[in-house]
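>>> Fold the stuff below for me.
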Amino acid sequence: MRRSVSSVAGSRDGGRTSLPICWQMLAGSFGQPSRHCPLWRRRFGHTGPHDLGAGRKSVSPSRPRSPAFIVDTDVLVAGAAAFRRAREPDEPFEAALLRRWRKGEWRWVTSEPLLTEYRDVLILRGAKAEKAERIVDLIRTHARLVEPKPIAEPLPDPDDAHVIGTARAAGAPVVTRNVVHYPAHLVKCLTPADAWVQVDAYLKHPMTRQPRSTNQGAGTS
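Numbers count the residues shown, from 1 in each chain. This next block holds a predicted model:
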């Protein structure tokens with residue numbers, strides 16, 4: 001004797017089935033239950049149980065992202081030695097921090113106005129134009145570029161508007177040697193030592209992946 005689909009479903013759970021049969025739900029009984037069936041979602045929730053009766057929740061540990069920083073021009077100038085092929089024994093702390101970026105341990109975020117300032121100030125401080133261009137090109141290639149947000153608030157130094165606008169657009173702090181130079185209510189600032197601590201904390205996280213180097217095996221001098 002041929003039985004109806006509803007009677008078959010009722011016999012499986014002792015006649016306790018209270019919902020009408022959906023063909024997607026029935027098809028799921030021969031494999032993984034269909035989570036796209038509206039009746040399934042009403043009965044078991046929108047996601048549906050992947051392991052019925054397992055009584056456990058799957059937890060996916062979040063993988064941290066490497067720190068992202070806006071590099072103030074004073075930090076770049078002080079750490080320009082990081083873009084040389086050979087490491088010097090007396091390199092400043094800022095150079096060591098920038099070398100960590102070249103190893104892929106943190107992310108550099110910048111903007112075209114800030115890149116222009118990098119180049120101009122490097123040349124002003126004695127770097128050859130060709131070397132300054134190579135440094136800026138390397139940063140432009142491997143950094144994240146954003147469009148600075150306009151700053152309507154009055155600033156102690158209006159020339160800092162593009163730095164603050166870049167930080168706001170990126171949602172990242174500014175690494176600078178002169179933290180008090182930037183209004184604390186407009187932008188978050190870190191000293192190079194503070195940034196170093198954040199990079200260390202990221203690398204010590206058990207879920208951190210191996211950083212990818214941005215060195216490209218070449219220096220600028």
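>>> Every contact and neighbour count from this point should use C-alpha atoms.
OK.
>>> all helices for this protein, in order.
5-12, 23-28, 38-44, 73-78, 93-102, 112-124, 129-142, 161-170, 192-204 (DSSP state H).
>>> now those as CSV including distance to Glu153?
Output for the helices of the chain, formatted as CSV (distance: least, CA to CA, whole Å):
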stretch, distance to Glu153
helix 5-12, 68
helix 23-28, 58
helix 38-44, 50
helix 73-78, 22
helix 93-102, 30
helix 112-124, 19
helix 129-142, 28
helix 161-170, 9
helix 192-204, 26
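>>> Which of these sits closest to Pro150?
Proximity to Pro150, assessed across those by CA to CA, is greatest for helix 161-170 (5.9 Å).
>>> Tell me which residues are up against that closest one.
Here helix 161-170 makes contact (CA atoms under 8 Å, 6 or more residues apart in numbering) with 70, 72, 109-111, 113-114, 146-151, 155, 173-174, 186-187.
>>> from these, which would you call buried?
Buried by 16 or more other CA atoms under 10 Å: 70, 72, 109-111, 114, 146-149, 173-174, 187, out of the contacts of helix 161-170.
>>> nearest spatial neighbour of Glu94, skipping sequence neighbours?
Gly79 (4.5 Å; CA to CA, 6 or more residues apart in numbering).
>>> Tell me the pLDDT of the residue nearest to Ala132 when sequence neighbours are not counted.
Sequence neighbours aside, Arg119 is the residue nearest to Ala132 in space, at 5.5 Å (criterion: CA to CA, 6+ apart). Looking at Arg119, its pLDDT is 98.
>>> how about the buried ones among the contacts of helix 161-170 in CSV, adding distance to Asp90 and pLDDT?
Compiled in CSV, the buried ones among the contacts of helix 161-170 are given as follows (distance: CA to CA, whole Å; pLDDT from 0 to 100):
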residue, distance to Asp90, pLDDT
Ile70, 25, 98
Asp72, 22, 98
Val109, 27, 98
Thr110, 28, 98
Ser111, 30, 98
Leu114, 28, 98
Val146, 34, 98
Glu147, 36, 97
Pro148, 35, 97
Lys149, 38, 96
Pro173, 27, 98
Val174, 25, 98
Val187, 32, 95
